[in-house]
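Asker: Got a predicted structure here, sequence first:
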Amino acid sequence: MERKTRVRFAPSPTGPLHMGGVRTALYNYLFAKQRGGDFIIRIEDTDSQRFVPGAEKYIIEALNWCGIVPDEGVDAEGRVVETASERHPHAPYRQSQRKPIYRQYAEQLVADGFAYYAFDTAEELGAKRAEMEAAGQTFIYGQTTRMGLRNSLSMPEAEWKELLETRTDWTIRFKMPENRVVKMEDLIRGHVEVNTSTLDDKVLWKRADELPTYHLANIVDDHLMEITEVIRGEEWLPSLPLHYLLYEAFGWTETQPRFAHLSLLLKPDGKGKLSKRDGDRLGFPVFPLRWVNAEGEVSRGYREDGYFPEAFVNLLAMLGWNPGTEQELFSLEELIGAFSLERVVKSGARFNAEKAKWYNKEYLRKKSVSELTDLYMPILESKGVTGFSRDYVEKVVTLIQERATFVADFWDIASYLFVAPKTFVEKDAAKFWKEENYTLALKVADFILGFEGEFTKENLEGPLEEYIRSNEWPMGKVMNCLRLALVGASSGLGIADIVTLIGKEEFARRIEYIKTTL
RNA sequence: GGUCGGUUCGUAUAACGGUUAGUACUCAAGAUUCUCAAUCUUGCAAUAGGGGUUCGAUUCCCCUACCGACUACCA
């Protein structure tokens, strides 16, 4: 039976979504869309201790910014997403709201002999663990130790049944079978085998808050929501055998989803996975959107740093996946068409900030002048620049578009097209602002001021160069002298471009100013 | 420590037994230009080590090294 593809991204609202998380969501989304399936966002908030206010909203907003919109799930306001005309038998999508669902499944496992009640307190277990570690050993709650602990397997029935009633801090643990080899298939890694004798009895459900742990909630929800493929981070690979066993215990193996475990994003330098600290240290964002935590600590975001969402999505897609061709630039739509789990790389990908910038630069070049102008206008305003027509700004943008990586670069590249330079680069001035140069340059300035006919680059450029050449003046020196007056440095746009853009009067003003200054 | 996963230029990756080991980013040099940028050209640079299997291994197997994840009443 061919089932409709349904995948989910299941973040835990314990903080802002890391770019690695966005990549996981993206791969899920691409996989689903390519197959005409559903992409679901499920919030895994079963850990009341680590809940962070605002995190869920952040996650939804971040995905939204990337163009990753769910077919089912919750939106930023916490509403159930309604697509098309379909109703959602799978709601709610927040595990805390699904609380009543889980207990029966956990109890069913106990009844069927796949799980048991455990009454050891966290303190008792902590002490045991410390004790074993002191002796150089590792404590695991499992087949070798469970009979020596306090649970419904080791205690007389009457006794544990009483504890079940009187205490509210017990748990339900999975009874890991002994010495069984679990054979698993991963869509990315292939065949994986693990012997259950190395595994412990994981807690599935907690009486204290009447909530399941990840493992139970995950399996139950994936089953109930008819998930067909689970694409998640590599950190889950070690618990895959447990999940297989859980599907088996529930009798759900027929509809068990297929699994794919993605490798992690690594630090650009040194060892370990990419962390929040790396961004601060190396100067790039680790999060899609800016985030301010409860302590007021700010983490920068790709959006706020000036990355286009298309660029961000593109660079993320290429971190651990490749199309098998030499194409590097992909729109979301193209990614949907080209994506495949078979071409996802097994090894961890080291993030490279330079390449990230390159992507943005490419996307900036593809943008329309009009769109870039829309983005640049507010920046100009924030610089206190007013009084320039949109037409003028568009002309500026046209000239500098291919020189920039971010829209914010526009100002650094060509602020002199809006305001006269106040300072002059000393080194450049020393090199070009010499008498033998500027006497000539001032004559050229007079030529420009006296230029008749329509004042455009096309009209001016030829005659201007011709004038300098015919006099056999040194082109480079003269031009750079003028540039110094116009730009404040000996680098920048062509003289004809600058002059025709700022106009004769402003040109004259800058020439007068530099005469008195240098 | 144990379990599982991984290892191709600095980085991202291609080559799914046969290539002068390709491409992109970065970096360097040159060309071009009134400068800078852009652009174009060229260059630097890799199969972790050791054993097998094979006519032939980047590719398959084993060992070692290194990296990573997991080893919570966290996800």
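Answerer: Ah, there it is. Residues are numbered from 1 along each chain as shown, chains lettered A, B, ... in the order given.
Asker: right, and residue A:199 touches residue A:243 too?
Answerer: No. Using Cβ atoms under 8 Å as the test, residue A:199 is too far from residue A:243 to be in contact (11.4 Å). In this view, the C-beta of every residue, glycine as well, is placed from N, C-alpha and C.
Asker: In CSV, list the C-alpha atoms belonging to stretch A:41-58.
Answerer: This file holds the C-alpha atoms of stretch A:41-58, laid out as CSV (Å, rounded to 0.1, in the frame of the first residue of the first chain):
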residue,chain,number,x,y,z
ILE,A,41,5.5,21.0,12.4
ARG,A,42,5.0,19.4,15.8
ILE,A,43,6.2,21.1,18.9
GLU,A,44,7.9,18.7,21.3
ASP,A,45,7.4,20.5,24.6
THR,A,46,7.3,17.6,27.0
ASP,A,47,10.1,19.0,29.1
SER,A,48,8.4,21.6,31.2
GLN,A,49,11.8,22.4,32.9
ARG,A,50,13.5,23.6,29.8
PHE,A,51,10.6,25.5,28.2
VAL,A,52,11.6,28.9,26.9
PRO,A,53,8.9,31.5,26.3
GLY,A,54,9.0,32.8,22.8
ALA,A,55,11.0,29.9,21.4
GLU,A,56,8.1,28.4,19.6
LYS,A,57,7.2,31.6,18.0
TYR,A,58,10.8,32.2,17.0
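Asker: Quickly check: that stretch near RNA strand B or not.
Answerer: Yes. Stretch A:41-58 comes into contact with RNA strand B (Cβ under 7 Å from any atom of the strand), by way of A:44, A:46-47, A:49-50.
Asker: Where does the prediction get shaky in chain A?
Answerer: Applying pLDDT under 70 to chain A picks out residues A:1, A:76-80, A:82-88, A:270.
Asker: longest helix of it?
Answerer: Ranked by residue count, the top helix of chain A under DSSP state H comes out as helix A:495-517.
Asker: in it, what counts as buried?
Answerer: Buried positions in helix A:495-517, judged by neighbour count with 16 or more other Cβ atoms under 10 Å: A:495-502, A:506-507, A:510-511, A:514.
Asker: Grab the nearest non-local neighbour of residue A:150.
Answerer: The shortest distance from residue A:150 to any residue other than its chain neighbours is 4.5 Å, reached at residue A:119 (Cβ to Cβ, 6 or more residues apart in numbering).
Asker: I misspoke; the intended subject was residue A:6.
Answerer: residue A:38 (4.6 Å).
Asker: mind checking how far that neighbour is from RNA strand B?
Answerer: Using Cβ to the nearest atom of the strand, to the nearest Å, residue A:38 is found at 20 Å from RNA strand B.
Asker: how near is that residue to residue A:4?
Answerer: For residue A:38, the distance to residue A:4 equals 7 Å [Cβ to Cβ, to the nearest Å].
Asker: neighbour count winner among the two?
Answerer: Neighbours per residue, other Cβ atoms under 10 Å: of residue A:38 and residue A:4, the larger number sits with residue A:38, 23 against 11.
Asker: for that one, what are its contacts?
Answerer: If you count contacts by Cβ atoms under 8 Å, 6 or more residues apart in numbering, residue A:38 has them with A:4-7, A:32, A:71-72.
Asker: Tell me which of those fall in helices.
Answerer: Filtering the contacts of residue A:38 for helices - DSSP H - leaves residue A:32.
Asker: ok, and the closest non-adjacent residue to residue A:39?
Answerer: The shortest distance from residue A:39 to any residue other than its chain neighbours is 4.2 Å, reached at residue A:32 (Cβ to Cβ, 6+ apart).
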